[in-house]
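> return atomic coordinates for the entry below.
(chains A and B)
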Number of protein chains: 2
Amino acid sequence: MTLISPSRRLRRTPFSEGVEAAGVKAYTVYNHMLLPTVFRSVEEDYHHLKNAVQVWDVSVERQVELRGPDAARLMQMLTPRDLRGMLPGQCFYVPIVDETGGMLNDPVAVKLAEDRWWISIADSDLLFWVKGIAYGYRLDVLVDEPDVSPLAVQGPLADELMARVFGDSVRDIRFFRFGWFDFEGRSHVIARSGYSKQGGFEIYVAGSDAGMPIWNALMEAGRDLDVHAGCPNLIERIEGGLLSYGNDMDRTNTPHECGLGKFCNTATAIGCVGRDALLRVAQEGPVRQVRAISIKGDPVPGCDQHWPVVAKGKQIGRVSSAAWSPDYNTNVAVGMVRMTHWDDGTDVQVQAPDGLRDAVVHESFWH
Amino acid sequence: MTLISPSRRLRRTPFSEGVEAAGVKAYTVYNHMLLPTVFRSVEEDYHHLKNAVQVWDVSVERQVELRGPDAARLMQMLTPRDLRGMLPGQCFYVPIVDETGGMLNDPVAVKLAEDRWWISIADSDLLFWVKGIAYGYRLDVLVDEPDVSPLAVQGPLADELMARVFGDSVRDIRFFRFGWFDFEGRSHVIARSGYSKQGGFEIYVAGSDAGMPIWNALMEAGRDLDVHAGCPNLIERIEGGLLSYGNDMDRTNTPHECGLGKFCNTATAIGCVGRDALLRVAQEGPVRQVRAISIKGDPVPGCDQHWPVVAKGKQIGRVSSAAWSPDYNTNVAVGMVRMTHWDDGTDVQVQAPDGLRDAVVHESFWH
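Predicted coordinates:
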């Protein structure tokens, strides 16, 4: 790990004060904004996330807001997932592709109303693509980044903590649904979602000034629950098979390669950009796909570039994220593997920076 | 300064090996890629840049390539700068605006041919905007990010060093012009340009595999010139009034507010997106504008958020970048100041994190 120089360009968030007071140890940069990566240690944060409850500053999940008569039409243009059945109050995980079927982002679409949507984005300036499409098609829609900053509450005790601050009715929110909840006289969207497999919520905090009061209320209410500041955890998200845009996939990949074919209704998602490009891959399937890979040996170093996956000396894939898993007592990894070697249990090798290691391809992740 | 966690998402560059061997001390993240910020110290790098020659890994200036019959039409749609007089072999600094006239990027356009352009971008995914416009308008053009990574050679001895590696004819390249030069059998664009006021070149290294050989050749040839790895220097770029997208301006600003009105030919840039929005501001001028600001007292801390500029207790602007300048013996800063207080020599105050400081607004930067 090395140092990062401060600048306004790497934006602070409405919760930065709380994050710093909680002793953040390292960051990454995501959507031109600081995202904490470590508080106590990646392993200590991991165990705590699985046993207690954490509050995560995920302001970096910036919102692209679509508002106006053409909002729903535009939203459907952006994704091969068929949105016709989607109701206000629902969240959908939506691959967003360009005209070649290449992944531009893998956000969560939040349908506030027929004519008002948020797209809660991964790490790319999706706003630019959406604005370009809206402008090019002369759509009657406003596209902007509102002052909304998600705060996640994740872990087995998330329901208890959230109920204490927002009332017992948060317990009734179903997975990938949301409701509106009051805090000090202002209404915020709260969804049952989040970038972990431990359960929990995301509060779409409306207005930067509401950030620290909500952060402090959660910390105060959760003292006896061992609440702590946390962040998306590298180990836990790999175990759970949660992909990371920019790490495990990018513009060169189709959704099908990313294992997101189930979110593509290419035949019925009429008007979707990239539909023509995806029709054939939807029918025939991809020739390489994301897989879980366990890598043998000692804990691997940080994965900051593709590691080749090889079989009989020939490259048949690559690893894009990897970490040592204390719970599974192996190195867990996400990679892209060619069809010839993607069956469950296939023995391969991974060219890690410290040498060639034996590894096994799995069809399912660890969670 | 704090630590940054490694991940594939924060891309390495073709020169990372050289950057690490040269002892890089800190990075920032720019276009999802690592950009060095310090080698020896910001001050030592600063003095060295003004006295010798440095090699900068500025791969983060990713290229957006436009190729095809509609390339020139698309390029003109992107900017209010009139490009009709631009010839192949020229580079133009071009504000890029959205339909509201808000800045999306401030790149350098490189005209390779009538039907082939590179846009050498600042820190935003301009590719997404350009692809969206091209798709929406059904333009006959390919838009992509090629494997081209700029390497800058900056400083008073840049001509001498470049001549030793690429031949004496590099000396003949005029400011913001480029030529094609061979290195080990491959041809690279070399322009007289760069993000400093000390003079020099940018080599648009074609192909990642050509990166380290060129880096090494420059380091080898420049030993007696005291060549050293360097990077855009915060102090020097503020002294020189070189703006930084994301720091000193963003989507909320017009080019005119950024002092880039001279690069806008709103009346004649036919077809430019945002033309309507900019017509009035082009006529009447902005109500706030970028200014140089000197801040009195001891060296300021790092500026990682806007510092209010106040007069008689009222906010009349903000500082977005600041640093102590050894050569001018004052804190130099870039800010945006309202018309009422932007005249040269106006006394104001700046709310720095460590207290209110006296400051003076200047019409010109220090270089």
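> C-alpha only now, for contacts and for neighbours.
OK.
> quickly list the domain ranges of chain A.
When chain A is parsed with automatic domain parsing, its domains come out as A:16-61+A:147-238, A:63-144, A:288-367.
> bridged to residue A:120, which residues?
Residue A:120 forms beta bridges with residue A:63, residue A:108, as assigned by DSSP bridges.
> quick one on the thing from earlier: would you turn the domains of chain A into JSON lines with distance to residue B:284 and mean pLDDT?
Compiled in JSON lines, the domains of chain A are given as follows (distance: least, C-alpha to C-alpha, whole Å; pLDDT from 0 to 100):
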{"stretch": "domain A:16-61+A:147-238", "distance to residue B:284": "30", "mean pLDDT": "98"}
{"stretch": "domain A:63-144", "distance to residue B:284": "26", "mean pLDDT": "98"}
{"stretch": "domain A:288-367", "distance to residue B:284": "50", "mean pLDDT": "97"}
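> how about CSV for those domains, with mean neighbour count and distance to residue B:336 added?
As requested, the domains of chain A are exported to CSV (neighbours: other C-alpha atoms under 10 Å in any protein chain shown; distance: least, C-alpha to C-alpha, whole Å):
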stretch, mean neighbour count, distance to residue B:336
domain A:16-61+A:147-238, 20, 21
domain A:63-144, 21, 23
domain A:288-367, 19, 38
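> how about the residues of the stretch 51-200 of chain A by chain B?
The interface of the stretch 51-200 of chain A toward chain B, taken as C-alpha under 8 Å from any C-alpha of the partner chain, is made up of A:99, A:124-126, A:128-137.
> identify the farthest-apart pair in these.
Distance extremes for these: the farthest pair is A:124 and A:137 at 21.8 Å, using C-alpha to C-alpha.
> tell me which strands and helices the helix or strand in which residue A:277 is found is in contact with?
Taking DSSP states H and E as the definition, one finds residue A:277 inside helix A:275-284. Packing contacts for helix A:275-284, counted by 3 or more C-alpha pairs under 8 Å, 6 or more residues apart in numbering or on different chains; DSSP states H and E, involve no helix or strand.
> and for that helix, what's in contact with it?
Here helix A:275-284 makes contact (C-alpha atoms under 8 Å, 6 or more residues apart in numbering or on different chains) with A:80, A:99-101, A:254, A:256, A:261, A:266-267, A:269.
> can you give me the end-to-end span of stretch A:171-178?
For stretch A:171-178, the separation between the terminal residues is 11 Å (C-alpha to C-alpha, to the nearest Å).
> tell me how far that stretch lies from the chain's centre.
Centroid displacement of stretch A:171-178 relative to its chain, using C-alpha atoms, centre = their mean, to the nearest Å, is 18 Å.
> which residues does that stretch contact?
A:89-92, A:159, A:163, A:179, A:189-193.
> go with 10 Å
Taking contacts as C-alpha atoms under 10 Å, 6 or more residues apart in numbering or on different chains, the residues outside stretch A:171-178 that touch it are A:87-93, A:108, A:110-112, A:158-160, A:162-163, A:170, A:179, A:188-194, A:199-204.
> of those, which belong to helices?
Filtering these for membership in helices, criterion DSSP state H, returns A:158-160, A:162-163.
> checking my notes, residue A:257 in a strand, right?
No. Assessed with DSSP: H, G, I helix; E, B strand; the rest coil, residue A:257 is coil; it does not lie in a strand.
> any idea how far it is from residue A:192?
Counting by C-alpha to C-alpha, the gap between residue A:257 and residue A:192 amounts to 27 Å.
> how about residue A:118?
When C-alpha to C-alpha is applied, the distance between residue A:118 and residue A:192 equals 15 Å.
> same thing with residue A:210?
The separation that residue A:210 has from residue A:192, given C-alpha to C-alpha, amounts to 20 Å.
> which residue does the stretch 201-350 of chain A bring closest to chain B?
Nearest residue of the stretch 201-350 of chain A to chain B, counting by C-alpha to the nearest C-alpha: residue A:304, 4.1 Å away.
> surely that residue is in contact with residue B:11?
Yes. With the criterion set as C-alpha atoms under 10 Å, residue A:304 and residue B:11 qualify as a contacting pair; they are 7.5 Å apart.
> mutual contacts of these two, please.
When contacts are counted by C-alpha under 10 Å, 6+ apart, residue A:304 and residue B:11 are jointly contacted by residue A:247.
> returning to that earlier point: what's the closest of the ones in helices among the contacts of stretch A:171-178 to residue B:51?
Minimum separation from residue B:51 among the ones in helices among the contacts of stretch A:171-178 (C-alpha to C-alpha) is found for residue A:158, which lies at 58.2 Å.
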